[in-house]
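Engineer: Curious how this folds, go ahead:
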Amino acid sequence: MRRTVVRRPWWPLLPLLTLAAEDPAPSKLSFFGSSKEAEPAAPSKLSFFGSASAGDARRQEDGQDSKRAAAAAADAPKRPFFGSSSAKQAREQEEPVLSDLQPEAEQEDEEVPSIFDSVNHPPPGFHRDPAGSTVAAGHHHTCALRQSSAPFGGIAHCWGEDTMGAVSRVPVELTFIQLSSGHFHSCGITLDEKLVCWGGPNPKRFEPPGLYQQVSCGAVHTCGLRKDGQVKCWGEDHDTGCTKPPAGKFVQVQAGNAFSCGLRPSGLVECWGNDRKGQSTPPDDVQFLQIATSNVVDHACGLTLGARDLKCWGDNRKGQSPEHVDGPWEQVACGSKATCAIADGGSHAECFGAAAHVYDTREKTAFRGRTLEQVSMGHGHLCVLDVEGEVVCHGHPVGDPLKRTHARHVPDGFIAA
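Structural biologist: Now for the predicted structure:
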């Protein structure tokens, strides 16, 4: 039985800012969904499946249009407002767990003008979700949104290893507009702008106070972008400072493995936390449209403003952090020892680094001919959302029961390669 999966809005095209290539692109290993053959050079780059057209989606809210238009005139489009006009969703009966994982509440502020429209972005003509990823690959579990009766958002569904309640504790009574997954926990933004987390280290649900527009789960810490543009982080710090974001406003936040990065309204990136591999030292004076990292990685990447070139920093021992690859690209995702980016127009995606342990020839066939919309990467696996609303996951058991948890147990309406 096939089910529709909710999609995410894509950023609007911006005036191009030409950025000179600093280094040649790594050699390609293969092209899934294209006619090019593998080159005999070192397998530092792997491409795969699908396409998706670029587009611009924006959510309208009563009384906010004129305010957004004025803010957008200042150089860049405004980040969309997320669902506060909708009716409140049903809440779990048990009391939320209020622990040291919970950030302190602050007074709400106005929305922050941004150089990009949303964190993750689907093409036009789709069910439009204002906030971001609708498939989120964690360490050994994955979550995705299924279509609901609400005008925006969907119902969260998770599968894979159920360590600390990452799968079984999903609040199915809520409608979400964005999801993120960490090692043993996941979080989401609800239709009424609440941030809800479930799974480890505390297997009960908790809801930090305040209104949020985006969330990102690191390995054992989480960062949320509040409606007022402030970033709040909580969880295990391990004396790295990854839960202590700098002051000021951001338009996107990404939590990695004991480090975090945020995108300022100016397009500049600021990172904090562990920097042993350079993962908290982004390029100087480079404006980005989107940034990405993951709960299992020590590197981060971004798409530059205008040209949408790919730039990465941090751990590059497997070639997963190319310094510069000419664009335009549409989305980038980071996984264990690999990075994948959707090509302009979504005709295919290309991966950099030690991707061979994730993909093999048999699995390429599962993605051929698909129209790619989003890719999310975990530990040794990746999941893809195509424009038909199907989620496809595949990977290899690199010292873990990946095949069991991600292939055989993928639920109805999703596909295991």
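
Engineer: The helix or strand containing Q213 pairs with which strands?
Structural biologist: Element membership for Q213 (DSSP states H and E) is strand 212-217. Paired neighbours of strand 212-217 in the sheet (DSSP bridges): strand 221-226 (antiparallel).

Engineer: Give the rounded mean pLDDT of the partner strand.
Structural biologist: What strand 221-226 shows for mean pLDDT is 96.

Engineer: Same question for stretch 303-322.
Structural biologist: Stretch 303-322 shows a mean pLDDT of 96.

Engineer: Pull out the buried positions in it.
Structural biologist: Within stretch 303-322, the residues scored as buried using 16 or more other CB atoms under 10 Å are 303-316, 318-322. Using the backbone N, CA and C atoms, a C-beta is placed for each residue, glycine as well.

Engineer: Are we agreed that G345 is in a helix?
Structural biologist: Yes - looking at G345 with DSSP: H, G, I helix; E, B strand; the rest coil, it is inside a helix.

Engineer: Near it, how many other residues are there?
Structural biologist: Counted with other CB atoms under 10 Å, residues neighbouring G345 total 14.

Engineer: confidence score at it?
Structural biologist: 76.

Engineer: Report the contact partners of A136.
Structural biologist: 142-144, 179-181, 186, 217, 376 (CB atoms under 8 Å, 6 or more residues apart in numbering).

Engineer: tell me which residues form a beta bridge with it?
Structural biologist: C143.

Engineer: Against Q320, how distant is it?
Structural biologist: Noted for A136: a distance of 20 Å to Q320, by CB to CB, to the nearest Å.

Engineer: do the same with K249
Structural biologist: Distance, K249 to Q320, by CB to CB: 30 Å.

Engineer: before we move on, the earlier item: can you redo the contacts of A136 as a markdown table with neighbour count and pLDDT?
Structural biologist: Converted to a markdown table, the contacts of A136 look like this (neighbours: other CB atoms under 10 Å; pLDDT from 0 to 100):
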| residue | neighbour count | pLDDT |
| --- | --- | --- |
| T142 | 30 | 90 |
| C143 | 31 | 92 |
| A144 | 30 | 90 |
| L179 | 30 | 95 |
| S180 | 30 | 95 |
| S181 | 30 | 94 |
| S186 | 28 | 94 |
| C217 | 30 | 96 |
| S376 | 31 | 91 |
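
Engineer: Now render these as a markdown table, adding distance to G369.
Structural biologist: What follows is the contacts of A136, written out as a markdown table (distance: CB to CB, whole Å):
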| residue | distance to G369 |
| --- | --- |
| T142 | 22 |
| C143 | 26 |
| A144 | 21 |
| L179 | 27 |
| S180 | 29 |
| S181 | 28 |
| S186 | 30 |
| C217 | 32 |
| S376 | 20 |
